[in-house]
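*Asks:* Pasted the sequence and its predicted model underneath.
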Amino acid sequence: MPRVILAVALAGTLAVGPTATQEHPRVPTHPGAWQPAPPITPRMPPDVSVAERTAIAASVNQILEIAQRMPDMAPPAGLAVIPHVFIDIQNLDHSEGKRFAYVTAEVVLNLAPFEQIGRGAIEAVEADSAAIVTFRINDVGPLLGSEIGLSDDQGAFIENPPEPVDTLQGHPVYEEGNGDRWIMIRGNDVPFFAPVTADRYMRATIASTERELSDVRERRARVPAGVPASVIATLDDAIAGIEPKLKNTQDALAAMSAADRAAPARLASVTAQDAPVFAAADETGATAVVYFNPALMTPGLARTVPQLLAVSIRASDDAWPGLKAKLNTEIDWAALEKFVRQR
């Protein structure tokens, strides 16, 4: 999706702290500035209404107003705050499922130092960023990454979901694989993940296996004359391998009791041709299967209403000692909590 591509590209270009290619001296006495100064009008996806555009812009500028109250985002002399905003529309787990889609916003604030670029030329250089503060609205993106490629109409399935690594300001902190930490603020105080039942897991496995089998059979039927026998044999072998998986899973589901079907899916084993095997509740070493808790979002609210907020602060302690800690204490966390609980 375009927003995701832009966000990844941006993250890759905004290094925190002085880079190996930094060539220009800083100008610490240059007046601080926002470039551009809020309020701003973010670019919107084409499929949002006029009323939604107004609501999205209001939310983004509310976040910017909270950030502007931070002394180091005022900003202090020698630094510019350069905002980047990305708007998207996607369901909770960013999958292709046909579920309710929310308007998400990523607000990236780059605290860039002013540098002497040339004779008389002073510019804020984003590549030498002192800090980057990011806010993600209605987006659980920092918790993604453990999906297993299996889903149903309620959501994508996740194995062994991430656990918080800390608690800050009363909110859980999750760490991505690249080391970025995110404080996750919820409008509804419920767990991020809910268990997938064994029944759902089995039915999703059957549906996925049926699609796989249908695809291979269609490819087999379209093989033109004259194709080497080895190609046909490969497709026939694939069909012969998938069919037992489908039958075994269908039979296993039919044999399950109502209690077994309603139990949380805790996988003991998954093989190519056998039905999934679930572990008992007291059995260790099983793999828990969950999905994003739909109770995180209050049904009936407009898709633009802020209900989740992820906050990340990155700074270079080597180049800017103590800046990250200062930014953390300067943020009005109470205002951010109120932001996601407004209805």
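*Replies:* Cool, the structure landed.
*Asks:* and this structure, what are its domains?
*Replies:* What the record gives for the chain is the domain set 2-153+160-192+295-341, 198-291, from automatic domain parsing.
*Asks:* Least confident secondary structure element in the chain?
*Replies:* When each helix and strand of the chain is scored by mean pLDDT, DSSP states H and E, helix 2-13 comes last, with a mean of 36.
*Asks:* what's downstream of that one, the next helix or strand?
*Replies:* Next in sequence after helix 2-13, counting helices and strands by DSSP states H and E, comes strand 33-34.
*Asks:* helices or strands up against that following strand?
*Replies:* strand 79-90 (3 or more CB pairs under 8 Å, 6 or more residues apart in numbering; DSSP states H and E). C-beta: built from backbone N, CA, C; applies to glycine.
*Asks:* State the paired neighbours of the strand it packs on in the sheet, together with their directions.
*Replies:* strand 33-34 (parallel), strand 102-118 (antiparallel) (DSSP bridges).
*Asks:* Please work out the average pLDDT along the helix or strand encompassing Leu336.
*Replies:* In the assignment (DSSP H and E), Leu336 maps to helix 333-341. Mean pLDDT, helix 333-341: 96.
*Asks:* what distance separates that helix from the centre of its chain?
*Replies:* The gap between where helix 333-341 is centred and where its chain is centred comes out at 20 Å by CA atoms, centre = their mean, to the nearest Å.
*Asks:* can I get the CA coordinates of it in PDB?
*Replies:* Backbone C-alpha positions of helix 333-341 (Å, rounded to 0.1, in the frame of the first residue of the first chain) are rendered in PDB as follows:
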ATOM      1  CA  TRP A 333       0.700  11.600  28.300                       C
ATOM      2  CA  ALA A 334      -2.600  12.500  29.900                       C
ATOM      3  CA  ALA A 335      -3.600  14.500  26.800                       C
ATOM      4  CA  LEU A 336      -2.700  11.500  24.600                       C
ATOM      5  CA  GLU A 337      -4.800   9.200  26.700                       C
ATOM      6  CA  LYS A 338      -7.700  11.600  26.400                       C
ATOM      7  CA  PHE A 339      -7.100  11.800  22.700                       C
ATOM      8  CA  VAL A 340      -7.900   8.100  22.200                       C
ATOM      9  CA  ARG A 341     -10.800   8.100  24.600                       C
END
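*Asks:* list the helices and strands that helix packs on?
*Replies:* For helix 333-341, the elements it packs on are helix 50-68, strand 181-186, strand 308-315, judged by 3+ CB pairs under 8 Å, 6+ apart.
*Asks:* Next, the buried residues of it.
*Replies:* Counting neighbours by 16 or more other CB atoms under 10 Å, one finds that the buried residues in helix 333-341 are Trp333, Leu336, Glu337, Phe339, Val340.
*Asks:* show me what contacts the fourth one?
*Replies:* Each residue near Phe339 by CB atoms under 8 Å, 6 or more residues apart in numbering is listed here: Ser59, Gln62, Ile63, Ile66, Pro306, Leu309.
*Asks:* okay, which residue is most central for the protein?
*Replies:* Nearest to the geometric centre of the chain sits Gly141, at 0.8 Å (CA atoms, centre = their mean).
*Asks:* No more questions from me, cheers.
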